[in-house]
Structure formats: structure tokens, C-alpha cells
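[1] I would like to see how this sequence folds:
(one chain, ligands or ions: 2)
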Amino acid sequence: MQVHKGWEQPIIEIENFSFSYEEIDKQPLLDGLDVTLNPNEVTLLMGASGSGKSSLALCLNGLYPEAVEGISSGDIFFLGKHIQDCERGELTQKIGIVFQDPESQFCMITVEDELAFTLENRKIPASEIFGKIESVLKAVGMQRFIHHKIHELSGGQKQKIALASVLLLEPELLILDEPTANLDPVSSLEFIELVEAIQEERQMSCLIIEHQAEDWLRLIERVLVIGMDGKLLADDAPDRLFSEQQRLLEQEGIFLPEEYSGGFEGRKRYNQTVPAEKTVLSVRDLSFSCKNQNVLNNINIDVLAGELIAVAGENGAGKSTLLQLMAGLLEPDAGDIFLFDRPLKKWRENKLRKHMGFVFQNPEHQFITDTVYEELTFGMKCNGYTEAEMENAADLWMGQFGLREHRDNNPFALSGGQKRRLSVATVLDVSPDILLFDEPTYGQDAATTTELMDYVMELKAMGTAIIFVTHDMNIVDAADRAIILKQGGVAFSGVPDTLWKKTKMLYEARLRKPARLRQNRRESHVYDIIH
Ligand SMILES: Nc1ncnc2c1ncn2[C@@H]1O[C@H](COP(=O)(O)OP(=O)(O)OP(=O)(O)O)[C@@H](O)[C@H]1O
Ligand SMILES: Nc1ncnc2c1ncn2[C@@H]1O[C@H](COP(=O)(O)OP(=O)(O)OP(=O)(O)O)[C@@H](O)[C@H]1O
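    Ligands and ions are numbered 1, 2, ... in the order given. This is a model prediction of the structure:
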């Protein structure tokens, strides 16, 4: 049932709307949707990875089907006006989207220029521009980055700038597509508090696309669920949906918020094997700086065979940089990294890649071919697989990670979660000795997170050392060892159970406890973490 607020003009009316990327006669991606979004209402949009959530967002602000070879039928109205009759600029300003991949929405080089560009497009007088930029950067906690180059920011920092830029549009409808995926746990809560405050102040509508709903619960008034068949499966108040429709959500592979699911105790089951006493990778006295900024200082880590290490820490702490140094993609300023007692720089590139797999934070940085199949088999080809072996192995991966029907699609045209799964699958084939993953589980639904973790744990049981950079404290909880970076140094290295007892240190590193240990299950304010 639909939940309506009063009799005001709806912001959005979607009537019998269908959308497909291809004309061929198969099930449309979005199939006969009827939905109304009301003024000043916060709605959560859920659905399995690939169900069409981001595509719907892009249809709402008129970018699709025009910008792709898509076809649609039915109608969408914005404040009573058919979106086909709206000026493009009008829709993109009034319906502001923070994209899943923030990099895709920047046009300028520096933070200040990017934000000024948004304001100039809105014809804001030059005398007001600086003041508005300063205040929005303050709101997202990024004032000191005003003169920074965007491509030099960390993933989470980029996400905050993308939000700042969209807020400057002062939209009627704010769409946030997995906005906290790259944020550290405290920044994520702060971001949600910020959205709540802005929503209350400006009384705008928000449509939030998220796989994990728990921290948003106090804001959201309504949840929409799109099924894998493209139909609207539910449109209900959160409490009723999460208590009464659990089977439906589980069947669709959707995460239940922890207070409805009975907690994440089950995550502990992921990790049941003990690492071997054999060092695979050693980091010795490692330091690295970039453009006069000291990014990492004097890091020492030994990684054992079959060990799962989770590296966590605040946005910009140096996690991705550390991983890239470990993979030999960056050169340290000081110190050494050894793979099996041999310095990384002495390894030949092709040999090194056989022993080590690396998955980037942004999967798009990794894709080098034009189809999912070629991407999966690229490494196999280099390793001399026959065509039949490649077919078999690729089919197995595509089946395991829900990519079979995308075999011949371009990797860049996959959904966010599918891209991530493809980038992970490409390094799993050769069973290397060490796997380095930069946030492997972000953007995944419940079903694919479990599959991915189960697979990683199988590799671990066979002796592969695994290092995850992650903001997901439930994943840190499943690791043998947690390494916490703070301002470029190791603030903690030890078993997660010891880490969870260090409340002050956790907060200073902008982390929080995993769901199973939160006293207040609905701990969703930064205040709750400190107290
Ligand atoms: N530009 C495109 N061209 C062709 N197919 C596309 C394109 N963009 C997305 N798709 C396909 O449409 C489907 C839905 O993608 P979409 O990004 O809307 O899903 P989603 O629900 O947001 O997923 P996720 O939770 O993984 O981000 C996917 O199967 C994807 O492969
Ligand atoms: N190419 C670059 N040039 C200059 N500074 C950079 C560059 N790449 C990263 N940095 C800076 O180095 C610091 C560490 O960045 P890194 O990406 O390693 O952080 P992170 O811990 O992975 O962050 P996040 O959780 O946001 O992904 C950040 O302050 C970032 O601004």
C-alpha cells in the first residue's frame, strides 16, 4: 500500500512506467511501475544488485532514456508536468542526484572550481559564490580541501564533495545513490545526520538508494522495493515491511536491518581457519608521501599464509595508498616490501601478478576489455589456458557472481554492484598467494555479500592470505586481525575482539563497533557511539 502525506501536489508521479536498455523482446528492466513521491518525504529504494534502482533514478531526472539507447513506456510527471515537457536544465537542477560513483559527476579540476561551476550555472551573483562554497564545505566537513584537486582526494572525500555540489543546486528532490558506500563509519553517520538536518531545514523530498537500511531508519518514512522482475514488490512503512515481509526480502537477497534480523552473529561463521606460521608478505619501515603530504609513516606489517587482515580507518587515512604500495603499484619513499623474502621491486611483473591479485577501490580503474567474458578470461589467456578451459572457468564465475546474462555486455554498462563483482572475480581465478581487495563488499546486496565472503573464506582455508580495506565493521569483525590506520600510522594491530574494547580509540579513528556488539541496536547517531 502507498503512504500519502496530505493532499499536496506530488513531487513525482510514475504511471505504468517501463524501461529497458535493449529493444529485444524480453522482460523489461523496470516493468509497469506506479509510484508517487510526495513533498517533504524521505523514501528508501531497495532491491537486489542489478534490479534497476540507479536506472530508475536516471529516468526520474530525464537523463534516461535519452542519454542511452534505452526505451521506455508510460509516464513520469514532475510537479504535475510531464518530464518530456520539462527543460533538461530544469530537471537536472530540481532533481539533484549524488551518483553511486562520485567521480562520474565532476567537471572541474579543483574543489572550489567544481562548486563555483555549479553556482555559476545557477546564475548566482559572483559576490555570493565564495560564501556559499564556504558554508556548504563546512556542512560536509571539507573546508580545508577547498583548493585541493579532486582527483587527489580519497574515495570518501570525493563523495562528500559530490554531495556538497548537489546541495548547492537546492533541489526539490534529492536522490542519493548509495551515498555512504565510501565513507568511514563515523563520516557515514555524520552524513546521514547532515541529510536529516538539511531535509528538515529545506523540507525537500529525498529518495535514498541503499543496500543497508539500518542507519537510515529514523529518517525514512517509506520503503519501495523493486524486484528482480522489474516490478514494484512493496511500497510500505519501514516497520511494517521489515517485520512482516522478511521472507520476501530474503528471497530477493536484500539486507534486513539488524534490529529485525536478530543481529549479525552469523558473520562470525565466515572465519573458521587459523593462519599458518608462514610469512607471505612483509612491510618494513615503510613511508610514503605525495606532493609534500606525508601519507604513510613507518609502517611494519607481516602477513601470514591463510590470514585475513582487515585494514580500516577514517577517510584519507592512507588505506588505499598502503594497499597500492603492497601491490607494487606505488614506490615507497623509504622502507621495503618483501614477497616471500624477495623485495617487490625484484619481481618480474608477470610473475608478481601470478602470486598476487589486486582489486581497486573503483572497479572501473581495472577494466581493460570490452566484454564481461573477455575481462574474466584476460588473465587466463596470459596464463596459457585453452579456449575450452576459459569457457568453463568463466562460466563458473559468471554463475557464481550473477553475471551470466551479461557475458557479452560492456563492463562499463554494468550496475555498480555487478562491476564490483566482476572486478573481484577477475583476480580469483589464478588462486594467488595473496589477494589485496580495496572495499570488495561495498554496493553488494545481502545475497552477493554472503557469496563473496564464502568464496574468500574458501581461498583463505586453502592458504591464500587476504587483505581487505573496508569500512564495514561486520567484515572487520570476521577478520583474524584488524589493522587500524590513523593519520598515516598504525594505531592498532590485533584481534578484532581486543579492538572492540577500545572505545575511545575506535571513535578517534572514526570507527564503530560491529552490529552484534552495539548496546543500543538502533545506534544511529554519532552521539550514541561516544556514550
Ligand atoms: N548503460 C547501460 N547499458 C546497458 N545496460 C545497463 C546500463 N546500465 C545498467 N545496465 C544494466 O541494467 C541493470 C540494472 O542496473 P542498475 O545500475 O540500474 O542496477 P541497481 O539496482 O542500481 O544495482 P546496484 O545495486 O548493483 O547498483 C543491470 O543488469 C545492468 O547491467
Ligand atoms: N595522487 C594523489 N596526490 C596527492 N594526494 C593524494 C593522492 N592520492 C591520495 N592522496 C592523499 O593521500 C591521503 C590518503 O589517501 P587514500 O586514498 O590512501 O586514503 P584512504 O584511507 O584509502 O581513504 P578512503 O577511505 O576515503 O578511500 C588522502 O589525504 C589523499 O588526499
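[2] what's the helix or strand for the residue of the chain found nearest ligand 1?
    Nearest to ligand 1, among the residues of the chain, is residue 417, at 2.6 Å (C-beta to the nearest ligand atom). The C-beta positions use only the backbone N, C-alpha and C, and glycine is treated the same way. If you go by DSSP states H and E, residue 417 is part of helix 416-428.
[3] Quick one: list the elements packing against the helix or strand just after that helix.
    Note on helix 416-428: by DSSP H and E, the next helix or strand toward the C-terminus is strand 434-438. Under the contact criterion of 3 or more C-beta pairs under 8 Å, 6 or more residues apart in numbering; DSSP states H and E, strand 434-438 touches helix 319-326, strand 356-359, helix 416-428, strand 465-469.
[4] who wins for proximity to residue 158 among the ones you listed?
    Nearest to residue 158, of all the helices and strands packed on strand 434-438, is helix 319-326, at 11.8 Å by C-beta to C-beta.
[5] Need the contact partners of the closest one.
    The contact list for helix 319-326 (C-beta atoms under 8 Å, 6 or more residues apart in numbering) reads 154-155, 281, 283, 286, 288, 290, 295-296, 299, 311-313, 330-332, 337, 358, 361, 436, 438, 467, 469, 485.
[6] just to revisit the earlier point, could you write out the alpha-carbon coordinates of the helix holding residue 417 in PDB?
    The C-alpha trace of helix 416-428 is given here as PDB (Å, rounded to 0.1, in the frame of the first residue of the first chain):
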ATOM      1  CA  GLY A 416      27.600  -0.700  -9.500                       C
ATOM      2  CA  GLY A 417      27.400  -4.000  -7.700                       C
ATOM      3  CA  GLN A 418      27.900  -6.000 -10.800                       C
ATOM      4  CA  LYS A 419      31.100  -4.000 -11.700                       C
ATOM      5  CA  ARG A 420      32.400  -4.700  -8.300                       C
ATOM      6  CA  ARG A 421      31.700  -8.500  -8.500                       C
ATOM      7  CA  LEU A 422      33.400  -8.600 -11.900                       C
ATOM      8  CA  SER A 423      36.500  -6.800 -10.600                       C
ATOM      9  CA  VAL A 424      36.700  -9.300  -7.700                       C
ATOM     10  CA  ALA A 425      36.100 -12.400 -10.000                       C
ATOM     11  CA  THR A 426      38.900 -11.400 -12.400                       C
ATOM     12  CA  VAL A 427      41.500 -11.900  -9.600                       C
ATOM     13  CA  LEU A 428      40.100 -15.000  -8.100                       C
END
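[7] any idea of the mean pLDDT for that helix?
    Averaged across helix 416-428, the pLDDT comes to 86.
[8] Could you do stretch 517-531 as well?
    Here the average pLDDT along stretch 517-531 is 60.
[9] circling back: and the contacts of helix 319-326 near ligand 2, which?
    The subset of the contacts of helix 319-326 lying close to ligand 2, counting by C-beta under 6 Å from any ligand atom, consists of 154-155, 290, 295, 313, 361.
[10] What parts of the protein come near ligand 1?
    Contacts of the chain with ligand 1, taken as C-beta under 6 Å from any ligand atom, map to 21, 29, 47, 49-55, 68, 100, 406, 413-418, 443.
[11] re earlier: from the contacts of helix 319-326, list the buried ones, please.
    For these, a burial check counting by 16 or more other C-beta atoms under 10 Å picks out 154-155, 281, 283, 286, 288, 295-296, 299, 311-313, 330, 332, 337, 358, 361, 436, 438, 467, 469, 485.
[12] ok, residue 73 - contacts?
    By C-beta under 8 Å, 6+ apart, the contact list for residue 73 reads 16-18.
[13] secondary structure class for it?
    strand (DSSP: H, G, I helix; E, B strand; the rest coil).
[14] what are the bridge partners for it, then?
    residue 18 (DSSP bridges).
[15] State the distance from it to residue 340.
    Using C-beta to C-beta, to the nearest Å, residue 73 is found at 59 Å from residue 340.
[16] likewise residue 261?
    Using C-beta to C-beta, residue 261 is found at 42 Å from residue 340.
[17] just to revisit the earlier point, of the contacts of residue 73, which is the most crowded?
    Most neighbours among those, by other C-beta atoms under 10 Å: residue 17, with 22 neighbours.
[18] so what's the closest residue to residue 433 other than its chain neighbours scoring on pLDDT?
    Spatial nearest neighbour of residue 433, excluding adjacent residues (C-beta to C-beta, 6 or more residues apart in numbering): residue 355 at 4.8 Å. What the model reports for residue 355 is a pLDDT of 90.
[19] what's the helix holding residue 417 packed up against?
    When contacts are defined as 3+ C-beta pairs under 8 Å, 6+ apart, helix 416-428 sits against strand 356-359, helix 372-382, helix 387-400, strand 434-438, helix 446-461.
[20] Would you mind telling me which of these is nearest residue 243?
    Counting by C-beta to C-beta, residue 243 lies closest to helix 446-461 out of the helices and strands packed on helix 416-428; the figure is 17.1 Å.
[21] Show me what the closest one is packed against.
    Helix 446-461 is packed against strand 308-313, helix 416-428, strand 465-469, with contacts defined by 3+ C-beta pairs under 8 Å, 6+ apart.
[22] neighbouring contacts of it?
    For helix 446-461, the surrounding residues in contact (C-beta under 8 Å, 6+ apart) are 48-49, 211, 250, 253-256, 270-273, 306-308, 400-402, 417, 421, 424, 428, 431, 435, 440-441, 444, 466, 475, 478.
[23] what's the answer for stretch 12-20, then?
    Applying C-beta under 8 Å, 6+ apart, the contact partners of stretch 12-20 are 26, 28-37, 52, 55-56, 59-60, 64-65, 70-78, 80, 173, 205, 230.
[24] CA atoms of stretch 308-318 as PDB?
    Provided in PDB are the C-alpha atoms of stretch 308-318 (Å, rounded to 0.1, in the frame of the first residue of the first chain):
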ATOM      1  CA  LEU A 308      42.500 -12.500   6.700                       C
ATOM      2  CA  ILE A 309      43.500  -9.000   7.600                       C
ATOM      3  CA  ALA A 310      41.000  -6.100   7.600                       C
ATOM      4  CA  VAL A 311      42.500  -2.600   7.200                       C
ATOM      5  CA  ALA A 312      40.200   0.100   8.400                       C
ATOM      6  CA  GLY A 313      40.400   3.800   9.300                       C
ATOM      7  CA  GLU A 314      39.000   7.200   8.500                       C
ATOM      8  CA  ASN A 315      38.600   8.600   5.000                       C
ATOM      9  CA  GLY A 316      42.000   9.700   3.900                       C
ATOM     10  CA  ALA A 317      44.000   7.700   6.500                       C
ATOM     11  CA  GLY A 318      46.100   6.100   3.800                       C
END
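[25] and that stretch, how far from the chain's centre?
    Averaging C-alpha positions (C-alpha atoms, centre = their mean, to the nearest Å) puts stretch 308-318 15 Å from its chain's average.
[26] That stretch - what's its average pLDDT?
    Mean pLDDT, stretch 308-318: 93.
[27] domain ranges for this structure?
    Domain ranges of the chain: 12-105+155-256, 273-367+434-530, per automatic domain parsing.
[28] Good, wrapping up.
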